[in-house]
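Peer 1: okay, here's the prediction I keep looking at, along with the sequence it came from:
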Amino acid sequence: MRILHTSDWHLGRSFHGIGLLDAQAAFLDHLVATVVEEAVDLVLVSGDVHDRALPPVDAVLLADDVLARLAATGVRTVVTSGNHDSAVRLGVHARLADRAGIHLRTRWQDVGTPVVLEDAHGRVAVHGIPYLEPDAVRQPWALPARTHEAALSAAMQRIRHDLAARGPGRTVVLAHAFVAGSPDAAPGLASDSERDISVGGIQIAPTSLFAEVSYTALGHLHRAAELTPSIRYSGSPLAYSFSEAGQAKGSWLVELGATGVERADFVPAPVPRRLHRVRGRLDDLLLDPALAEAEGSWLAVTLTDVRRPRSAMDRLRTRFPHTLTLAFEPDGGAAPRPLLPHVSGRTDLDIALGFVQEVRELEATTEEELLLQLACDTCHSNTDPDADQRVEAG
């Protein structure tokens with residue numbers, strides 16, 4: 001059986017104000033093409049289909065379109081909800097979708113009821129575990145602790161109970177959670193773009209929970225990772241933070257044989273625009289020939305000039321038109337000087353000009369002073385259009 005494992009689409013998400021829906025649509029085109037070209041039998045989507053519980057209409061339509069296209073290929077697709085999804089909204093037509101081969105598994109009440117497939121080697125039970133908020137299942141499942149490990153352990157107990165009743169066979173599990181071999185390994189897996197799912201500071205579940213599963217398709221972490229040969233994160237198909245610069249994005253194409261995973265190949269996703277992080281003095285960045293490859297990238301820039309350069313973003317964008325973020329960390333790391341302590345007896349304009357000089361260590365230009373004067377005068381202007389009429393009437 002050929003399995004394509006993907007997750008964390010986050011449809012509707014933007015990147016520092018840049019809409020990504022076109023890039024997400026291009027990835028989904030690539031996904032459908034891969035299903036056809038590689039003769040995929042089963043697609044696994046391990047949560048976070050959408051970026052928020054109430055997604056924009058265009059994102060909902062995009063999800064509907066790709067699921068309909070997958071159904072038209074004849075491939076079976078299992079989708080679980082993630083911590084960004086609304087489980088109710090994502091799974092609202094689950095019973096109808098089942099008939100089309102699109103299996104939406106978003107309810108904790110359904111954990112332990114698999115989608116059953118057959119191949120040349122026999123039965124494969126596919127168990128979808130939606131994102132489990134420990135507080136939501138703590139009482140009905142009698143969890144011993146308020147942790148994700150306890151919730152996933154209870155879910156796996158239900159899955160093992162089903163497998164014991166069915167007899168020998170292979171098992172595939174989808175789960176949306178922070179899973180690691182050990183707490184020490186966890187920091188190397190995370191990215192800035194993932195929403196914290198910790199409960200009381202405890203969020204990590206061990207890989208040992210899935211030791212008996214033929215293949216575990218994980219979602220939530222945005223970095224593709226092989227925790228064990230049979231336990232993998234596909235990661236997100238696009239980079240959603242600059243902490244993901246340099247990460248390979250894509251899906252896992254898994255060959256499930258008679259006894260388990262025979263091979264797994266990473267299928268790279270289309271890259272709409274590469275990400276770079278650069279650091280240095282403004283003039284050096286503008287002239288450095290080694291940064292030519294970053295000119296077409298989305299850029300996060302940290303300037304180290306001792307004094308904050310004027311019009312830094314405008315100047316950067318003359319060479320790097322896709323600069324998105326700008327930070328200042330002056331060389332030497334000198335602590336900022338205290339701002340003006342005394343304001344009594346000073347005009348508003350004088351205070352504003354002093355502030356500019358303290359922060360930038362340069363006096364305001366004539367143009368800046370005129371702009372500040374206009375701002376101060378505007379703040380003092382009469383904002384009550386009826387005041388003059390009341391004075392005349394009095």
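Peer 2: Nice, I can see it.
Peer 1: from here on, just use CA atoms for contacts and neighbour counts.
Peer 2: Fine.
Peer 1: shaky segments in the stretch 101-250 of the chain?
Peer 2: Counting by pLDDT under 70, the stretch 101-250 of the chain has low-confidence residues at 181-202.
Peer 1: that one: helices as residue ranges?
Peer 2: Secondary structure of the stretch 101-250 of the chain (DSSP state H, counting those that start in this stretch): helices located at 134-137, 148-166.
Peer 1: export these to JSON lines and tack on mean neighbour count and distance to Leu353?
Peer 2: Putting those into JSON lines (neighbours: other CA atoms under 10 Å; distance: least, CA to CA, whole Å) gives the following:
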{"stretch": "helix 134-137", "mean neighbour count": "16", "distance to Leu353": "53"}
{"stretch": "helix 148-166", "mean neighbour count": "18", "distance to Leu353": "54"}
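Peer 1: which of these sits closest to Leu20?
Peer 2: Of all those, helix 148-166 sits nearest to Leu20, with 30.8 Å by CA to CA.
Peer 1: dump the helices of the stretch 101-250 of the chain to TSV, plus distance to His220.
Peer 2: Shown next, in TSV, are these (distance: least, CA to CA, whole Å):
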stretch	distance to His220
helix 134-137	16
helix 148-166	13
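Peer 1: to Ser7, which of those helices lies closest?
Peer 2: Comparing those by CA to CA, helix 148-166 comes nearest, at 18.3 Å.
Peer 1: list the helices and strands the closest one packs on?
Peer 2: If you count contacts as 3 or more CA pairs under 8 Å, 6 or more residues apart in numbering; DSSP states H and E, helix 148-166 packs onto helix 134-137, strand 204-206.
Peer 1: just send those back as a markdown table, with distance to Arg274 too.
Peer 2: Below are those laid out as a markdown table (distance: least, CA to CA, whole Å):
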| stretch | distance to Arg274 |
| --- | --- |
| helix 134-137 | 37 |
| strand 204-206 | 30 |
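Peer 1: between the ones you listed, which one is closest to Asp331.
Peer 2: Comparing the helices and strands packed on helix 148-166 by their distance to Asp331 (CA to CA), the top pick is strand 204-206, with 37.9 Å.
Peer 1: what are the pairing partners of the closest one, and which direction each?
Peer 2: Using DSSP bridges, the strands paired with strand 204-206 are strand 178-180 (parallel).
Peer 1: contact partners of the partner strand?
Peer 2: For strand 178-180, contacts defined as CA atoms under 8 Å, 6 or more residues apart in numbering pick out 186, 203-207, 220-221, 227.
Peer 1: out of the residues you listed, who has the most neighbours?
Peer 2: Taking other CA atoms under 10 Å as the neighbour criterion, His220 ranks highest of these with 28 neighbours.
Peer 1: count the residues that sit near Val88.
Peer 2: Residues within reach of Val88, counting by other CA under 10 Å, total 13.
Peer 1: tell me how far the residue lying closest to it once chain neighbours are set aside lies from Val179.
Peer 2: Excluding the flanking residues, the one nearest Val88 by CA to CA, 6 or more residues apart in numbering is Thr106, at 7.2 Å. Between Thr106 and Val179 the distance is 19 Å, computed by CA to CA, to the nearest Å.
Peer 1: Val115 too?
Peer 2: 23 Å.
Peer 1: looking at these two, which is more packed in?
Peer 2: Neighbour comparison, Val115 and Val179: the larger count goes to Val179, with 29 against 18 (by other CA under 10 Å).
Peer 1: for the residue nearest to the more buried one when sequence neighbours are not counted, what are its contacts?
Peer 2: Nearest residue to Val179, sequence neighbours excluded (CA to CA, 6+ apart): Ala205, at 4.7 Å. Applying CA under 8 Å, 6+ apart to Ala205 gives the contacts 148-149, 152, 177-180.
Peer 1: and what of Val173?
Peer 2: Shown in contact with Val173 (CA under 8 Å, 6+ apart): 126-129, 213, 215-217.
Peer 1: now, the residues you listed that are in strands?
Peer 2: Residues of the contacts of Val173 located in strands (DSSP state E): 126-129, 215-217.
Peer 1: what's the farthest-apart pair in those residues?
Peer 2: For those, the farthest-apart pair by CA to CA is Ile129 and Tyr215; their separation is 13.4 Å.
Peer 1: same drill for these two, tell me which one is more crowded.
Peer 2: Ile129 (31 against 25).
Peer 1: ok, what's across the strand from that one?
Peer 2: Ile129 has the following beta-bridge partners by DSSP bridges: Ala175.
Peer 1: follow-up on the earlier one: tabulate the contacts of Ala205 (TSV), appending distance to Asp22.
Peer 2: Below are these laid out as TSV (distance: CA to CA, whole Å):
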residue	distance to Asp22
His148	34
Glu149	37
Leu152	35
Ala177	28
Phe178	29
Val179	31
Ala180	33
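Peer 1: specify which member of those is nearest to Ile351.
Peer 2: The nearest one, if we look at the contacts of Ala205 relative to Ile351 and count by CA to CA, is Phe178, at 50.3 Å.
Peer 1: what about that closest one, neighbour count?
Peer 2: Residues near Phe178, counting by other CA under 10 Å: 23.
Peer 1: distance of it from Arg223?
Peer 2: Phe178 is 12 Å from Arg223, where distance means CA to CA.
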